[in-house]
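>>> how would this look folded up:
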Amino acid sequence: MRYLVGVGNVLAGDDGVGPRVLEQAAAGGLEPDVVTVDLATDALSLVAYLDAGTEALLVVDAARLGLAPGDYRIFTPDEVETRKELGGLTTHEGDVMRVVELARAAGYPIPPLAVMGIEPRDTAMGTPLSADLEARLPAYAAAATERLREL
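Next up is the predicted model:
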């Protein structure tokens with residue numbers, strides 16, 4: 001099985017881009033062996049998909065990468081180092097890179113995995129997805145499903 005995973009809070013503006021990309025991808029049709037998983041703000045639950053039955057996994061999340069709002073990068077955990085400041089690893093304060101590090105240290109099998117980080121404009125609570133990101137949802141979905149196919 002291959003998983004397209006969305007992480008983010010849909011009530012916090014562009015932080016919800018991950019789940020919105022999943023919706024767009026599903027609406028466009030997915031290959032039969034691709035399952036979408038909306039983890040919402042619970043990035044720690046990613047470990048449930050790190051097993052021998054997982055062929056590949058692509059996580060879509062808002063990420064401060066220093067890009068223009070709406071731009072994105074797709075990378076593997078080995079290609080980046082997280083700089084996110086956390087008070088602790090909780091289900092409301094997840095960091096995909098740290099979850100992968102934790103899983104690796106705990107002996108979980110890490111399948112081919114990539115992250116699509118999309119630069120947010122505004123992540124304020126109670127705001128909708130910004131127009132910058134909303135307009136690009138079809139392009140994000142296409143890029144995410146294509147990269148998942150390549151993993």
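
>>> roughly how far apart are the closest residue to residue 136 other than its chain neighbours and residue 134?
Excluding the flanking residues, the one nearest residue 136 by C-beta to C-beta, 6 or more residues apart in numbering is residue 70, at 5.4 Å. For glycine as for every other residue, the C-beta is placed from the backbone atoms N, C-alpha and C. According to C-beta to C-beta, to the nearest Å, residue 70 stands 9 Å off from residue 134.

>>> what's the answer for residue 151, then?
From residue 151 over to residue 134 (counting by C-beta to C-beta), the distance is 27 Å.

>>> try residue 141
Distance from residue 141 to residue 134, by C-beta to C-beta: 12 Å.

>>> Please say which of the two ends up with more neighbours.
Using other C-beta atoms under 10 Å, the more surrounded residue of residue 141 and residue 134 is residue 141, with 22 against 13.

>>> Who are the contact partners of that one?
Residue 141 makes contacts with 21, 24-25, 28, as judged by C-beta atoms under 8 Å, 6 or more residues apart in numbering.

>>> any low-confidence regions in the protein?
80-94 (pLDDT under 70).

>>> Any idea which residue is closest to the centre of it?
The centre of the chain sits closest to residue 60, judged by C-alpha atoms, centre = their mean, with a distance of 2.2 Å.

>>> my guess is residue 74 meets residue 114, correct?
Yes: using C-beta atoms under 8 Å, residue 74 makes contact with residue 114 at a distance of 5.5 Å.

>>> okay, and the common contacts of these two?
By C-beta under 8 Å, 6+ apart, the residues touching both residue 74 and residue 114 are 58, 147.

>>> From residue 97, how far off is residue 121?
Residue 121 is 22 Å from residue 97, where distance means C-beta to C-beta.

>>> Looking at the two now, which is surrounded by more residues?
residue 97 (21 against 16).

>>> That one: helix or strand, and which one exactly?
Element membership of residue 97, judged by DSSP states H and E, is helix 96-105.

>>> Quick one: classify residue 58 as helix, strand or coil.
strand (DSSP: H, G, I helix; E, B strand; the rest coil).
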